[in-house]
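>>> how does the following fold in three dimensions:
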Amino acid sequence: MPASAAVDTRSKGADALLAEFLRRLESRKEGRLAVHVMLSRLRPFNRREHHLHAARAGFAQLADERRGQLFVLSNADLFFFFSKEVEGLVRSEIMRVRFLFTEDPIVAKGPDADGFITWYTVDRQYDALVRAARGASDSNAAVRAVTGRDGAWADLKARQKASSALTPELLDRIEAGLVQADLSSLLRRHAVCSVPNETSPEPRFVEWTVCISDLAQTMLPHFDFASDPLLFQHLTESLDRRMLALLAKPGGPLDGGDISVNLNVATLLSEHFFTFDEKLFTARRGCIVIELKLEDIAQDPESYEFARKLAQAKGYRLCLDGLTLWTFDLVDRGQLGLDYLKLNFDALMLVEAEERRAWLEDAVARTGPAQLILSRVESAEGAAFGRAAGVQLFQGRHIERLLAEARQRRQYVRLNRRASGDT
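Numbers count the residues shown, from 1 in each chain. Sure, this is the predicted structure:
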């Protein structure tokens, strides 16, 4: 085995190559590190060859530069062996891989969940490393054995899976249905509020969205709309057009104050958006916050930059939605020219309170206390944690409860005043 090499071991008998490497490594463990990236645990639509190739590319380059040894197992997992000197490069590469699959549940749990990435200091954890490699090899053998022994069942499962996936033909049916469908029952509203205390939530704007899961149940139950990312992207662009039509209607969401709406970059550059924009009074544009996804921006930065300048010149505000503990530090609000960043609250913030509060305080300082929105806040503890770190804007079920309680208090006061006036 050369000092540094990339070995794609997905051919027959490949796992033996890793076993042989580990046998030789036993006598020279000092100073060696390893990382196991469990790509096999990703959801099926994230394990397509182009996804896996993108995940492996950086490690393959490091191996080609003789900075480490890469092994790609038959189940798509990879092991990368390296020295302390290149640890920074490897950790950067791991961050990139996490970013690629940030929406996958196994990645969204975060690094502390230890279900996607495992690090090893070889001289101290050699036995654990060998067990992990053997376990991956054994699982591959088990899969092959089950497939061979019960091929009819495997074929049936494969057909069932294929039948529940989104296809171009199904997408055409969905889009045709969307033209006629009444989406008002599928609309959901979630207020973004300043919450100086638990009794005084102050709405800043209301996010309006179409509930995708309810749409799926209504139009094609038992089908996975997200099974093909490209088709799903096309579907969201169709939903964007329907949402713009709803916003343009008299008596629609725009009549109720400032709002936000999730749109694709491609939609902002479409004739549908230009038509919508032309019908708006100039003053109403400043009442609309357009929420975008990080992966959409990253897919075509030049189109994003053009769309951003165009939208903001007309008075719209822009928000980057869906950031997590693991992706927030990848974003610079000023560099991207955004008005808001929306960070999903994570239970880890309460588990590692002191460390995470310091991190959040820094995030608020870098972003701006009136520009960072802490979303998915489910409890009073989450809101208190954010306030302690300097967050001013919140969104989530707990915030909706506070708004409902505030409305009840106002109604109670009005009823009391009426009763007092009658006596």
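>>> quick one: low-confidence residue ranges for the stretch 51-200 of the chain.
Within the stretch 51-200 of the chain, the stretches with pLDDT under 70 are 110-114, 137-165.
>>> again with the stretch 301-423 of the chain
Within the stretch 301-423 of the chain, the segments meeting pLDDT under 70 span 421-423.
>>> all the strands of the chain, residue numbers only.
Ranges of strands in the chain, per DSSP state E, are 6-8, 32-37, 68-72, 78-83, 117-121, 187-194, 202-210, 259-262, 288-293, 317-323, 340-344, 372-375, 393-394.
>>> deepest-packed of those strands, please.
With neighbours defined as mean count of other C-beta atoms under 10 Å, the strands of the chain peak in mean count at strand 372-375, which reaches a mean of 26. Using the backbone N, CA and C atoms, a C-beta is placed for each residue, glycine as well.
>>> what is it packed up against?
Judged by 3 or more C-beta pairs under 8 Å, 6 or more residues apart in numbering; DSSP states H and E, strand 372-375 is in contact with strand 340-344, helix 380-388, strand 393-394.
>>> need those in a markdown table with distance to His272, can you?
Shown next, in a markdown table, are the helices and strands packed on strand 372-375 (distance: least, C-beta to C-beta, whole Å):
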| stretch | distance to His272 |
| --- | --- |
| strand 340-344 | 24 |
| helix 380-388 | 36 |
| strand 393-394 | 29 |
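>>> quick one: which of the ones you listed is nearest Arg48?
strand 340-344 (25.8 Å; C-beta to C-beta).
>>> so that closest one versus strand 187-194, what angle?
Taking axes from the mean of the first three to the mean of the last three C-alpha atoms, to 10 degrees, strand 340-344 and strand 187-194 form an angle of 100 degrees between their directions.
>>> can you tell me the strand partners of strand 340-344 and which way each runs?
For strand 340-344, the paired strands and their directions (DSSP bridges) are strand 317-323 (parallel), strand 372-375 (parallel).
>>> now distance to Asp258 too, for the ones you listed, in TSV please.
Formatted as TSV, the strands paired with strand 340-344 follow (distance: least, C-beta to C-beta, whole Å):
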stretch	distance to Asp258
strand 317-323	9
strand 372-375	13
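>>> and of those, who's closest to Phe101?
Using C-beta to C-beta, the strands paired with strand 340-344 put strand 317-323 closest to Phe101, at 13.6 Å.
>>> outside of the closest one, which residues touch it?
With contact meaning C-beta atoms under 8 Å, 6 or more residues apart in numbering, strand 317-323 is reached by 103, 260, 262, 286, 288-294, 297, 308, 311-312, 331, 333, 336-344, 373, 375.
>>> again, only using 7 Å
Residues from elsewhere that reach strand 317-323, judged by C-beta atoms under 7 Å, 6 or more residues apart in numbering: 260, 262, 289-294, 308, 311-312, 331, 336, 338-344.
>>> C-alpha coordinates for that strand, CSV please?
Extracted C-alpha coordinates of strand 317-323, given in CSV (Å, rounded to 0.1, in the frame of the first residue of the first chain):
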residue,chain,number,x,y,z
ARG,A,317,-36.6,42.2,2.5
LEU,A,318,-34.7,38.9,2.3
CYS,A,319,-34.3,36.2,4.9
LEU,A,320,-32.2,33.0,4.8
ASP,A,321,-34.3,30.2,6.3
GLY,A,322,-33.5,26.8,7.8
LEU,A,323,-30.0,27.4,9.3
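>>> 476 is where my numbering starts, stick with that
Okay, residue one is now 476; in that scheme the one you just asked about reads as strand 792-798.
>>> and it with strand 677-685, angle?
Relative orientation of strand 792-798 versus strand 677-685 (the same axes, to 10 degrees): 70 degrees.
>>> how big is the angle separating strand 792-798 from strand 763-768?
Using the same axes, to 10 degrees, the inter-axis angle of strand 792-798 relative to strand 763-768 is 30 degrees.
>>> the stretch 476-625 of the chain: helices as residue ranges?
Along the stretch 476-625 of the chain, the stretches classed as helices by DSSP state H, counting those that start in this stretch are 490-500, 524-539, 562-575, 580-583, 597-624.
>>> what comes up buried for the first one?
Across helix 490-500, burial judged by 16 or more other C-beta atoms under 10 Å covers 490, 492-493, 496-497, 500.
>>> quick check, nearest of those residues to Ile874?
Ranked by distance to Ile874 (C-beta to C-beta), the buried residues of helix 490-500 are led by Leu493 at 49.8 Å.
>>> just grab the bridge partners of the closest residue to that closest one other than its chain neighbours for me.
Using C-beta to C-beta, 6 or more residues apart in numbering and skipping residues adjacent in sequence, the residue nearest Leu493 is Phe546, 4.7 Å away. Applying DSSP bridges to Phe546 yields these beta-bridge partners: Val482, Phe554.
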